[in-house]
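*Asks:* Kindly return the folded structure for what I paste below:
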Amino acid sequence: MIQSSAIKILKSFSKEEFRSFEKFVYSPYFNTSDATSRLVKELKNYHPEFNNKKLTKEFLFSKIYPGETFREELLRKLLSNILQLTGEFLKIHSKMDSPEFEMNLLREYSKRSLKSQFIKSSGEMLKQLDSYEELSITEDKLSVRAELDLLRSNTFYSAEQFEAALEAYKNYSEKYFVSNSIKLLRIDIQLEIDSNFFSKPKTSPLTEFVASVNWKAIIESIEDIDDKYQLGMYYRLWLLYKKPGDLSNFKEMKDLFLRKANLHERTLLKTTLVALESNCIINYDTAKDESTLKHLSEIYEFTLKNDLFERTADNFMPVNIYRNYLLIFIRMNPDMAKELAESYIKSIAPDIREDLIAYSQMMLCFHNKDFHSALNFLSRINFVNFTFKLDLKAFNIKIHYELGNYEQVFSAIDSFKHYVNDENKSERFTEEINKFLKLAAKLVTSAANGRMDVAETLSIEMRTLSFSYERKWLEEKVLELLKKGK
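*Replies:* Below you'll find the predicted structure:
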């Protein structure tokens, strides 16, 4: 089987790209070698794998030069021609559906002082810009518009239309400034993101410069409404990463972003959603403010309904993301939790789907206080292979408690205690669960024996202990006991 750099590149071509490449090679403007064209036509029969055992140098040579003695250097030259042609093709092919391809024509019209042709083509290009999805709200679109205004200025100047040239140059300067300001903000955001995954780098001059700029004053001074909005969005995004505790910025960013999401390209949508989600989680962990979870629920709903959630290599929704959505929806938006379990479960990989259906129904039934059904769904889950074993153990305790099966609760607490201490979990996480189990045991003692003194001691103890694992449920159950004892 033949090995060649040219064939490696051809393997990367889709069927449509290979077809376009074939036309490219047949054009005498790009290729004058008939033998090279014949070789490309022959290679097409083996695309895209090129793994046929008969695909040898000798075989290919016999197809291109039937009846001639094999000459390896000649075949090597043809493959070298193809390698060069693939490079030329990719240069052009990658630009054909982009503004850059049209911009080349405008540069030539401007350089040759062809004013009428330039004005007509530049007007058409302005209309087309909005059709380029990848340039929805990015500095790239601003860069294109900036260069377009610069070319317009040069064209008008050549035609001695100085006022029009000056106006176009003024537009160019603003868009150039906004475009590059966005670039600076984006780079600094990426530096901040990277610093959370790798060792924190030394403060860069760019970071210091971006932090020193009075962005609010600059944004306010921009005249064009679209430019003002775009730079404002990136500034708010930058603040989300740099000052996650700024709740005012978070709310403004979230409301504006969700309201005008259709203006944004997909990459920016995902980046902003991740920032908003992280901000919610950080602020909830800090202040335990329920309104933060309401924001998070809205963000998750938007992510789902616009198909912006992350996917695995097999194009499925990761189960941990599904769980995050389910937990927040059950707490803040039960209708959306039901929709998630009924409609979006199809996005889960088939090998875990049945278990996750039972898991979802267990949680929904528990929320609706249908504890018998919740226990039934819990029993259907394959514990051995299920990812969220800790959830199952916690719900086993809670469901049996709600049903008054106190002996089973004590047994479940003991089982959970042994499980979590045997597992290789972080010390902090193990400590959180052990606090919950200790308090849950006291809760059951109080409920099973009618010991209000235990419930009162438990209430005081909970106020002094710092932990979050299943705390909300425990607080509700303790309060119920205290009310019942009055």
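*Asks:* List the single closest residue to Lys369 in space, sequence neighbours excluded.
*Replies:* Glu402 (7.5 Å; CB to CB, 6 or more residues apart in numbering). Heads up, the C-betas are built off the backbone N, CA and C, glycines and all.
*Asks:* Using the record's domain definitions, break this protein down for me.
*Replies:* 5-96, 99-187, 388-486 (automatic domain parsing).
*Asks:* which of these has the lowest average pLDDT?
*Replies:* Mean pLDDT values for those show the minimum at domain 99-187, a mean of 82.
*Asks:* in the stretch 101-250 of the chain, which spans are strands?
*Replies:* In the stretch 101-250 of the chain, no strands are defined using DSSP state E, counting those that start in this stretch.
*Asks:* Helices of that one, residue ranges please.
*Replies:* 115-129, 139-158, 162-195, 205-212, 215-221, 225-242, 247-259 (DSSP state H, counting those that start in this stretch).
*Asks:* that older thread, okay, the domains of the chain in JSON lines with distance to Thr271 next?
*Replies:* Below are the domains of the chain laid out as JSON lines (distance: least, CB to CB, whole Å):
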{"stretch": "domain 5-96", "distance to Thr271": "24"}
{"stretch": "domain 99-187", "distance to Thr271": "9"}
{"stretch": "domain 388-486", "distance to Thr271": "28"}
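*Asks:* Minimum distance to Ile345: which of the helices of the stretch 101-250 of the chain has it?
*Replies:* helix 247-259 (24.7 Å; CB to CB).
*Asks:* ok, and for that closest one, which residues are buried?
*Replies:* Buried residues in helix 247-259, counted by 16 or more other CB atoms under 10 Å: Leu247, Asn249, Phe250, Met253, Lys254, Phe257, Leu258.
*Asks:* check contacts around the fourth one.
*Replies:* Just to be clear, that refers to Met253. Neighbour list for Met253: Met233, Arg236, Leu237, Leu239, Leu240, Thr272, Leu276 [criterion: CB atoms under 8 Å, 6 or more residues apart in numbering].
*Asks:* try it again with 7 Å
*Replies:* By CB atoms under 7 Å, 6 or more residues apart in numbering, the contact list for Met253 reads Arg236, Leu237, Leu240, Leu276.
*Asks:* In three-state terms, how would Phe50 be classified?
*Replies:* coil (DSSP: H, G, I helix; E, B strand; the rest coil).
*Asks:* For it, give me phi and psi.
*Replies:* Dihedral angles of Phe50 (phi, psi; degrees, to the nearest 10) stand at phi 50, psi 40.
*Asks:* if I read this right, Arg145 contacts Lys175, doesn't it?
*Replies:* Yes. Assessed by CB atoms under 7 Å, Arg145 is found in contact with Lys175 at 5.1 Å.
*Asks:* tell me the phi and psi of Asn214?
*Replies:* According to degrees, to the nearest 10, Asn214 has phi -90, psi 80.
*Asks:* quick revisit: among the contacts of Met253, which ones are buried?
*Replies:* Applying 16+ other CB under 10 Å to the contacts of Met253 flags Arg236, Leu237, Leu240, Leu276 as buried.
*Asks:* Rebuild those as TSV, extending it with pLDDT.
*Replies:* As requested, those are exported to TSV (pLDDT from 0 to 100):
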residue	pLDDT
Arg236	91
Leu237	90
Leu240	89
Leu276	90
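*Asks:* Go through those and say which is closest to Glu100.
*Replies:* Closest to Glu100, out of all of the buried ones among the contacts of Met253 and judged by CB to CB, is Leu237, at 26.0 Å.
*Asks:* Lys270 is in contact with that closest one, correct?
*Replies:* No. Between Leu237 and Lys270 there is no contact under CB under 7 Å: 11.9 Å.
*Asks:* And the domains of the chain: which comes nearest Ser373?
*Replies:* domain 388-486 (9.9 Å).
*Asks:* now the closest one, how far from the centre of its chain.
*Replies:* Its chain's average C-alpha position is 37 Å from that of domain 388-486, according to CA atoms, centre = their mean, to the nearest Å.
*Asks:* And for the closest residue to Ser204 other than its chain neighbours, the neighbour number?
*Replies:* Distances taken as CB to CB, 6+ apart place Leu191 nearest to Ser204, at 6.7 Å, with adjacent residues excluded. Neighbour count for Leu191, taken as other CB atoms under 10 Å: 17.
*Asks:* One more: Leu390?
*Replies:* 16.
*Asks:* How about the one 4 residues further on?
*Replies:* The local packing of Ala394 (other CB under 10 Å) involves 20 other residues.
*Asks:* surely it meets Arg471?
*Replies:* No. Taking contacts as CB under 7 Å, Ala394 lies outside contact range of Arg471: 11.7 Å.
*Asks:* Excluding sequence neighbours, find me the nearest residue to Ser113.
*Replies:* Ser158 (4.5 Å).
*Asks:* scratch that, Thr86
*Replies:* Ile9 (4.6 Å).
*Asks:* gap between that neighbour and Thr56?
*Replies:* According to CB to CB, to the nearest Å, Ile9 stands 19 Å off from Thr56.
*Asks:* So which of the buried ones among the contacts of Met253 is the closest to Asn214?
*Replies:* Arg236 (15.1 Å).
*Asks:* if I look at that closest one, how far off is Ser459?
*Replies:* 42 Å.
*Asks:* Surely Ser143 touches Ser179?
*Replies:* Yes. Using CB under 7 Å, Ser143 makes contact with Ser179 at a distance of 4.8 Å.
*Asks:* thinking again about what came up before, of all the buried residues of helix 247-259, which two lie farthest apart?
*Replies:* Leu247 and Leu258 (16.4 Å).
*Asks:* And for the closest residue to Phe371 other than its chain neighbours, the neighbour number?
*Replies:* In space, and not counting its chain neighbours, Phe371 is closest to Glu402: 4.5 Å by CB to CB, 6+ apart. Neighbours of Glu402 under the rule other CB under 10 Å: 18.
*Asks:* Correct me if wrong: Glu402 contacts Asp370.
*Replies:* No. Applying CB under 7 Å, one finds Glu402 not in contact with Asp370, separated by 10.0 Å.
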